[in-house]
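Undergrad: no sequence on this one, just coordinates:
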């Protein structure tokens with residue numbers, strides 16, 4: 001089960017599993033409204049980066065920018081650009 005807690009304006013995730021497929025590990029980056037966690041696929045062991053967004057920090061402009069980022073990532077296929085595997089809302 002995913003346990004979320006918010007302290008000092010930052011999002012902390014403990015013992016989390018995303019959609020039953022990925023176990024979240026340590027934080028590899030963070031920004032204004034998201035943290036990026038190393039995640040491991042529970043069946044294949046493949047490592048991915050999972051961006052966990054704190055929706056309470058999103059205003060309409062930030063939401064629009066985030067959705068534009070998702071649209072761009074879906075279109076781009078290049079070895080030097082991070083691949084978007086999916087999005088959970």
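TA: Ah, there it is. As the structure is a computational prediction, the values presented were derived from the model and not from experiment. Numbering: from 1, shown residues only.

Undergrad: any idea how far residue 24 is from residue 75?
TA: 27 Å (Cβ to Cβ, to the nearest Å). Yep, even glycine has a C-beta here, placed from its N, CA and C like the rest.

Undergrad: more crowded one of these two?
TA: Between residue 75 and residue 24, counted using other Cβ atoms under 10 Å, residue 24 has the larger neighbour count: 19 against 7.

Undergrad: packing partners for the host helix or strand of the more buried one?
TA: Counting by DSSP states H and E, the element that carries residue 24 is strand 22-30. In terms of contacts (3 or more Cβ pairs under 8 Å, 6 or more residues apart in numbering; DSSP states H and E), strand 22-30 is packed against strand 17-18, strand 34-41, strand 47-53.

Undergrad: apply 6 Å and report the result again.
TA: strand 34-41 (3 or more Cβ pairs under 6 Å, 6 or more residues apart in numbering; DSSP states H and E).

Undergrad: show me the beta-bridge partners of residue 35.
TA: For residue 35, the beta-bridge partners are residue 30, residue 52 (DSSP bridges).

Undergrad: looking at the helix or strand where residue 61 lies now, give me its mean pLDDT.
TA: Using DSSP H and E, residue 61 maps to helix 60-75. Mean pLDDT, computed over helix 60-75, is 92.

Undergrad: centre of the chain to stretch 38-53, how far?
TA: 9 Å (Cα atoms, centre = their mean, to the nearest Å).
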